[in-house]
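Peer 1: Structure, please.
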Amino acid sequence: MNPDLLSELTPKNPVNELAYAALLLANVIGSLGLTRVFYRYLVKRGVKRNVAVYYNRKIIHMLAGGVTAILTPYIFTSPLIPFVFALILAATLYLNHRRKQLLDWFQTSENIYEVNFCLAWGVSLLVVWLATSNPFYAVVPGLFISFGDAVTGIIRNALYGVRTKSWVGNIGMLAVTTLIGYIYMGVQGIVVGVLASIAEHFEFPPYIDDNLLIAGVATLFILFFTLL
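Peer 2: Residues are numbered from 1 along each chain as shown. Coordinates of the predicted model:
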């Protein structure tokens, strides 16, 4: 392995960073518990199950994926630990599907897109961090799928009551991703935010969803601008 790559992957404070990762994992678990309560509240109020599930997914995006992405550049010196934890979460959620033991307040048998979210979050972080050595650039794709995709999903869920695609939601996402892009990358980040918002409108079931497309497009153009 390239010595520089090995150095980039090696955490400088592994004990502290594992402790931070454990706290962030506790936040993820807490988010799941909170959304379970919220799910029961919505169902009792007469909200359709699929609508409640979809709201919960977006809340988890923000509370779990978003909070972790915001903190990552400040508490981790390497992408390795957050990447591994993202893979563990993805594997755990996938096993729920395989065993047919779904956490039904946010998982559904119709798709495994919450697994894709974890994979997209972790892989984009790893690739961009190693390619740019910039942890703030590295979290941009994760922030896009955590907050940008959450906003567009909430807008569509409120308007249509089903999981669907609509440019109205993409406009809401655009406002979020361009702001995030500018804060983390400057003017180039605005361009990345626009392209990611367009990518969100498309998906190719049953395996390629907007999480993968948003993170993939954002990663590709972050690397493109870095090379420039």
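Peer 1: which other helices and strands contact the longest helix seen in the chain?
Peer 2: In terms of residue count, the longest helix belonging to the chain (DSSP state H) is helix 14-44. Judged by 3 or more C-beta pairs under 8 Å, 6 or more residues apart in numbering; DSSP states H and E, helix 14-44 is in contact with helix 49-60, helix 67-75, helix 80-99. In short, each C-beta sits where N, CA and C put it, glycine included.
Peer 1: Next, the buried residues of the last one.
Peer 2: Read that as helix 80-99. By 16 or more other C-beta atoms under 10 Å, the buried positions in helix 80-99 come out as 80-83, 85-86, 89-90, 93-94, 96-97.
Peer 1: now for the helix or strand following that helix, which elements pack on it?
Peer 2: Once the chain leaves helix 80-99, the next helix or strand it forms, by DSSP states H and E, is helix 113-132. Applying 3+ C-beta pairs under 8 Å, 6+ apart, one finds that helix 113-132 contacts helix 3-9, helix 49-60, helix 67-75, helix 80-99, helix 135-138, helix 140-143, helix 210-227.
Peer 1: Next, the angle from the longest one to helix 113-132.
Peer 2: Interaxial angle, helix 80-99 versus helix 113-132 (axes from the mean of the first three to the mean of the last three C-alpha atoms, to 10 degrees): 160 degrees.
Peer 1: got it, and the last one?
Peer 2: For the pair helix 210-227 and helix 113-132, the angle between their directions (the same axes, to 10 degrees) equals 10 degrees.
Peer 1: Dump the C-alpha coordinates for helix 210-227 into PDB.
Peer 2: Extracted in PDB, the C-alpha atoms of helix 210-227 (Å, rounded to 0.1, in the frame of the first residue of the first chain):
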ATOM      1  CA  ASP A 210     -31.200   9.100  -5.100                       C
ATOM      2  CA  ASN A 211     -28.800   8.600  -2.200                       C
ATOM      3  CA  LEU A 212     -26.300   6.800  -4.400                       C
ATOM      4  CA  LEU A 213     -26.800   9.300  -7.300                       C
ATOM      5  CA  ILE A 214     -26.500  12.400  -5.100                       C
ATOM      6  CA  ALA A 215     -23.400  11.200  -3.400                       C
ATOM      7  CA  GLY A 216     -21.900   9.800  -6.600                       C
ATOM      8  CA  VAL A 217     -22.400  13.100  -8.600                       C
ATOM      9  CA  ALA A 218     -21.200  15.200  -5.700                       C
ATOM     10  CA  THR A 219     -18.100  13.000  -5.200                       C
ATOM     11  CA  LEU A 220     -17.300  13.100  -9.000                       C
ATOM     12  CA  PHE A 221     -17.500  16.900  -9.300                       C
ATOM     13  CA  ILE A 222     -15.600  17.500  -6.000                       C
ATOM     14  CA  LEU A 223     -12.800  15.500  -7.400                       C
ATOM     15  CA  PHE A 224     -13.100  17.200 -10.800                       C
ATOM     16  CA  PHE A 225     -12.800  20.700  -9.200                       C
ATOM     17  CA  THR A 226     -10.000  19.500  -7.000                       C
ATOM     18  CA  LEU A 227      -8.000  18.300 -10.000                       C
END
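Peer 1: Cool, thanks, talk later.
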